[in-house]
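Asker: quick one: sequence and predicted model below, then my questions.
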Amino acid sequence: MKRSSYAEISVKFPQKCPFCPNQSRRMFDEIGLFQHAIAVSRCNPNVLVVNSHIALLNDLRAVMNKNLQTQNAFQSRSNSKSDSVERKNQTPHSQGTHNIMGEPSTGIKHLRQSNQSNEVKVVWPWMGILMNVDHKELFGCGNNVNAKENDLNANCIDKFWNLDLKSHFSHLNPRSIHPLWNRGLLILDFGGDLLGLLDAENFAKTFIQRGKGKANFNAVEGPARKEEMFGWIADEDDYKLCNDVGEFLRKRGTLRVLPHPSHSWSEQHDHIFRLLQTRIQEKNGKLIELLNQVFDLERRVWHAENERVLAESNTLLKELKNKQVLHTIYENAEKIMKKSKDDLLEEKDKLNSLQTELNDLKKKSSILEEKGVQDSSDDTIIQQLIDAVEEKEGLQHMVEKLIYKEREANDRIQNALKVSVEVLKIKGNHESIGLKQVGALNDKPWLMACQILFKDHEDGWQVRCKELMSRWENELRDPSWYPFKVMKIDDGKHEEVIDAQDKRLCELRTEYGSAVYMTVVDALYELREFNPSGRYPIQIPWNYEQGRAAQLDEIISYLAANDNLGKKRKSSSEV
C-alpha cells in the first residue's frame with residue numbers, strides 16, 4: 001500500500017482531512033483526525049477511500065511515535081530538574097491534582113514518574129465522572145426516574161444531546177453517557193482502547209485547567225461544592241465507593257494500571273496487526289473457496305452447454321435425414337407416377353386404335369359373310385383379325401403392369417405422407433402447414449351453445465356439453481346413418497350433398513342452432529372424403545391458408561423454408 005506522504009508535510013493542528021470532499025471536511029485536532037481515519041477505514045464501502053485513510057492512519061501513527069520519541073529524549077535530559085522544581089512549587093494537594101492530568105504531552109508522564117513505586121489504577125473501560133449537572137431541563141418529559149436502574153427514556157436522552165454538554169464534549173468522542181440523576185452526575189464511557197484513553201485524559205485536562213478537577217472538588221466546601229461542575233477520570237477511589245457510583249463502576253468495569261504511552265502504542269499496533277493478519281487470512285481462504293466454486297460452476301456450465309449443443313445437433317441431424325428420405329421418396333414416386341401415366345395413356349391410345357380397327361374388321365367380315373363372297377383377301381383379313389386380338393391381349397397385360405406400378409407409387413406416396421405427419425407434429429403450425437384432425441367436431445360452437453342453454457344445469461354446463469359431443473361423435477361413426485342424397489348439378493353431372501331434411505340433423509339445428517349443426521355437417525363431409533370406410537377422425541397434413549388438405553410438394557417446400565429460417569435465426573443468435 002502506498003503511503004499518503006502526509007508525514008512529510010509539516011503538520012499543524014487543527015487541520016482538515018486531505019482525502020474527504022470539501023462539503024464534508026471539518027477541522028480536527030491530532031486525536032480527532034486519528035479517530036476520523038479509523039472510522040472511515042472501518043465503515044466506508046469505497047475501497048479507494050478506505051485505502052487512502054489507512055495510509056493517512058499509518059502516517060499519523062508515525063508522526064505520533066516520532067513525537068513520543070522526541071518527548072522521551074527531552075524528558076530524560078530534564079527529568080531531575082523538573083522534579084526539583086515541581087517539589088518546590090506545588091503543595092501536596094495541588095501536586096496530586098496536576099498528576100491526574102497536566103499538559104497533553106507531559107501530564108500523564110508526570111503521574112507515572114511520581115508513582116513509580118505505587119502504580120496508579122484507573123477504571124477500565126476508561127470512565128469520566130461529571131459532577132453537579134443541571135438536569136432540570138432534562139425532565140421536561142417527566143420526572144419518573146428510578147435511581148436503582150439509572151435509566152432514562154429515549155425522549156430525555158434526545159433532549160440531553162441537544163444541550164450545551166454535547167457541544168462542550170463532542171470533540172472527546174464519548175462512546176456513551178450514563179446519568180445518575182439521584183446524585184446529579186454523569187458517567188462518560190470513552191471505551192477501552194488507546195484512543196479512548198487519550199479522550200479521557202483530554203477530558204480530565206479540560207477540568208484541571210479550569211480548576212474543576214477531582215482535587216479541587218475534594219478541597220471545596222459549602223454551596224460551591226454542589227453548584228459548580230467538576231470532572232475527572234474515575235480511579236481506584238471512585239471504584240471502591242459504597243454508593244451508586246461505585247456500584248456502577250464495579251458493574252461496568254475493572255481496575256487497571258495506567259499504561260505507558262509507548263507500550264500502549266506498541267501493543268495497539270501489534271493487536272491491530274494480528275487482527276488484520278487474521279482477517280486477511282480468513283478473506284484469502286474465503287476467496288480461494290469462492291474461486292473454486294466459480295471454477296466448478298464454469299466447468300458444469302461448459303459441460304451442460306456441450307450436452308445441449310450435442311443434443312441440438314442430433315435433433316437437427318435426425319430432422320435432416322427425415323427430410324432427405326421424404327424428399328427422395330417423393331421424387332421417386334413422382335417420376336414413377338409420371339412415367340406410369342405416360343405409358344398408360346400411350347397404351348390406351350394404342351388399345352383404342354386396335355379396338356377401332358378390330359371393329360372395322362368385324363364389320364367387314366360380317367358383310368362378306370352375308371353376301372357369301374369369298375375371295376383371296378379373306379385369309380388376309382382373318383390374319384389381321386388374329387393379330388389385332390393378340391396385340392389387344394398384350395396391351396391389356398401391359399396396362400395391368402402399369403396399374404400395379406401406379407399402386408406401388410401410390411403406396412410410396414402414402415408412406416411419405418405418414419413420415420410427413422410425424423415431422424409436422426414437431427414443425428407444423430396452424431397458420432400455414434400443419435396437422436388437422438379431420439372428421440372431428442369443432443368444440444367452440446358447442447361450448448358457446450351449452451353455456452347459454454345449460455347454465456343452470458345441476459351437473460354444470462361443461463358436463464352436459466361433453467355428454468352431447470360424445471353422443472354426436474358416436475352418431476358420426478354409425479355406418480347405418482348416411483345423411484347424403486344425390487342431386488343433379490350443371491352439365492348433367494350428379495353430386496352427393498347433405499340431406500337437409502334428415503330427421504337427426506333437423507332436430508340438432510332446432511335445439512342447438514346453426515353453428516352446432518354446421519360442425520356436424522363439416523365433419524360428415526370430411527369423413528366421406530378422407531376416411532369413408534372407417535368413419536372415424538384421422539390426422540392429415542392440412543393447408544390452413546387455403547383450407548384444404550396439403551399436397552406432398554407443399555409439405556416439402558414448407559419444411560425446407562422452415563429449416564432455412566431456423567438456420568438464419570441460429571446464426572444471428574450466435575453473432
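Answerer: Now that the structure is in, tell me what you want to look at.

Asker: only C-alpha atoms for contact and neighbour calcs from this point on.
Answerer: Noted.

Asker: what about the helices in the stretch 201-350 of the chain?
Answerer: 214-219, 224-227, 236-239, 244-252, 261-371 (DSSP state H, counting those that start in this stretch).

Asker: quick one: which of those is nearest residue 28?
Answerer: Closest approach to residue 28 among the helices of the stretch 201-350 of the chain is made by helix 261-371 (20.7 Å; Cα to Cα).

Asker: give the buried residues for stretch 229-241.
Answerer: Judged by neighbour count using 16 or more other Cα atoms under 10 Å, the buried positions of stretch 229-241 are 229, 230, 231, 232, 233, 234, 235, 236, 238, 239.

Asker: how close does the fourth one get to residue 133?
Answerer: Spelled out, that is residue 232. Taking Cα to Cα, to the nearest Å as the measure, residue 232 and residue 133 are separated by 14 Å.

Asker: in TSV: the helices of the stretch 201-350 of the chain, plus mean pLDDT.
Answerer: Formatted as TSV, these follow (pLDDT from 0 to 100):
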stretch	mean pLDDT
helix 214-219	87
helix 224-227	76
helix 236-239	89
helix 244-252	89
helix 261-371	79
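
Asker: next, format these as TSV and append distance to residue 429.
Answerer: Output for the helices of the stretch 201-350 of the chain, formatted as TSV (distance: least, Cα to Cα, whole Å):
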stretch	distance to residue 429
helix 214-219	96
helix 224-227	97
helix 236-239	90
helix 244-252	80
helix 261-371	17
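
Asker: residue 559: which of those is closest?
Answerer: Residue 559 lies closest to helix 261-371 among the helices of the stretch 201-350 of the chain, at 7.8 Å (Cα to Cα).

Asker: still on that earlier bit, nearest to residue 475, out of the helices of the stretch 201-350 of the chain?
Answerer: Judging these by Cα to Cα, what sits closest to residue 475 is helix 261-371, at 37.0 Å.

Asker: who are the packing partners of that closest one?
Answerer: If contacts are counted by 3 or more Cα pairs under 8 Å, 6 or more residues apart in numbering; DSSP states H and E, helix 261-371 sits against helix 194-209, helix 377-427, helix 552-574.

Asker: quick one, phi psi at residue 126?
Answerer: The phi/psi pair for residue 126 (degrees, to the nearest 10) reads phi -60, psi 130.

Asker: show me what contacts it?
Answerer: Residue 126 is in contact with 189, 190, 191, 192, 196, 197, 200, 233, 234, counting by Cα atoms under 8 Å, 6 or more residues apart in numbering.

Asker: any idea how far the closest residue to it other than its chain neighbours is from residue 34?
Answerer: Leaving aside its sequence neighbours, residue 126 sits nearest to residue 190 (Cα to Cα, 6 or more residues apart in numbering; 5.5 Å). Per Cα to Cα, residue 190 is found 15 Å from residue 34.

Asker: of those two, which one has the most company?
Answerer: residue 190 (25 against 21; other Cα atoms under 10 Å).

Asker: that one against residue 176, yeah?
Answerer: Yes: applying Cα atoms under 8 Å, one finds residue 190 in contact with residue 176, separated by 7.2 Å.

Asker: mutual contacts of those two, please.
Answerer: Taking Cα under 8 Å, 6+ apart as the contact criterion, residue 190 and residue 176 have no common neighbours.

Asker: in this structure residue 217 contacts residue 230, no?
Answerer: Yes: with contact defined as Cα under 8 Å, residue 217 reaches residue 230; the gap is 6.5 Å.

Asker: rewinding a little: relative to residue 527, which of the helices and strands packed on helix 261-371 is closest?
Answerer: Among the helices and strands packed on helix 261-371, helix 377-427 sits nearest to residue 527 (Cα to Cα), with 17.9 Å.

Asker: let me know the angle separating the helix or strand following the closest one from helix 377-427.
Answerer: Downstream of helix 377-427, the first helix or strand assigned by DSSP states H and E is strand 433-438. Here strand 433-438 runs at an angle of 100 degrees relative to helix 377-427 (axes from the mean of the first three to the mean of the last three Cα atoms, to 10 degrees).

Asker: who does strand 433-438 pair up with?
Answerer: strand 538-543 (antiparallel) (DSSP bridges).

Asker: buried set for the partner strand?
Answerer: Going by neighbour count (16+ other Cα under 10 Å), the buried part of strand 538-543 is 538, 540, 541, 542, 543.

Asker: can I get it in CSV? Just the C-alpha atoms.
Answerer: C-alpha atoms of strand 538-543 as CSV (Å, rounded to 0.1, in the frame of the first residue of the first chain):
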residue,chain,number,x,y,z
ILE,A,538,-57.8,-39.1,-38.6
GLN,A,539,-54.8,-36.7,-38.7
ILE,A,540,-53.7,-35.4,-42.1
PRO,A,541,-51.5,-32.6,-43.3
TRP,A,542,-53.6,-29.5,-43.8
ASN,A,543,-53.1,-26.3,-45.7
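
Asker: give me the contact list for it.
Answerer: 417, 420-421, 424, 432-439, 531, 548-551, 555.

Asker: and stretch 493-513, by the same measure?
Answerer: Defining contact as Cα under 8 Å, 6+ apart, one finds that stretch 493-513 is touched by 449, 483, 484, 485, 486, 487, 488, 489, 516, 517, 521.

Asker: now stretch 350-360
Answerer: Taking Cα under 8 Å, 6+ apart as the rule, stretch 350-360 contacts 385, 388, 389, 391, 392, 395.

Asker: got a list of what residue 410 touches?
Answerer: Going by Cα under 8 Å, 6+ apart, residue 410 touches residue 333.

Asker: again, only this time at 10 Å
Answerer: Contacts here follow Cα atoms under 10 Å, 6 or more residues apart in numbering; on that basis residue 410 touches 333, 334, 336, 337, 404, 416.

Asker: filter these down to the buried ones.
Answerer: Among the contacts of residue 410, those that count as buried by neighbour count (16+ other Cα under 10 Å) are 333, 334, 336, 337, 416.

Asker: would you turn those into TSV with distance to residue 294?
Answerer: Putting the buried ones among the contacts of residue 410 into TSV (distance: Cα to Cα, whole Å) gives the following:
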residue	distance to residue 294
333	58
334	59
336	62
337	63
416	51
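
Asker: please tell me how far the residue nearest to residue 246 when sequence neighbours are not counted sits from residue 198.
Answerer: What sits nearest to residue 246 in space, not counting adjacent residues and going by Cα to Cα, 6+ apart, is residue 239, at 4.9 Å. From residue 239 across to residue 198, the span is 20 Å (Cα to Cα).

Asker: what does residue 251 give?
Answerer: 23 Å.

Asker: also residue 539?
Answerer: Counting by Cα to Cα - residue 539 and residue 198 are separated by 93 Å.

Asker: coming back round to it: mind checking which of the buried residues of stretch 229-241 land in strands?
Answerer: Among the buried residues of stretch 229-241, the members found in strands (DSSP state E) are 230, 231, 232, 233.

Asker: ok, those vs residue 63, which is closest?
Answerer: For these, the nearest to residue 63 is residue 233 (26.7 Å; Cα to Cα).

Asker: find the nearest non-adjacent residue to that closest one, please.
Answerer: Counting by Cα to Cα, 6+ apart, residue 128 is the residue found nearest to residue 233 once chain neighbours are left out, at 4.5 Å.

Asker: isn't that neighbour up against residue 187?
Answerer: Yes: in this structure, residue 128 is within contact of residue 187 by Cα atoms under 10 Å, at 5.6 Å.

Asker: which residues do those two both contact?
Answerer: Counting by Cα under 10 Å, 6+ apart, the contacts common to residue 128 and residue 187 are 174, 177, 231, 232, 233, 234.

Asker: quick check, nearest of those residues to residue 222?
Answerer: When the shared contacts of residue 128 and residue 187 are compared against residue 222 (criterion: Cα to Cα), the nearest one is residue 231, at 17.9 Å.
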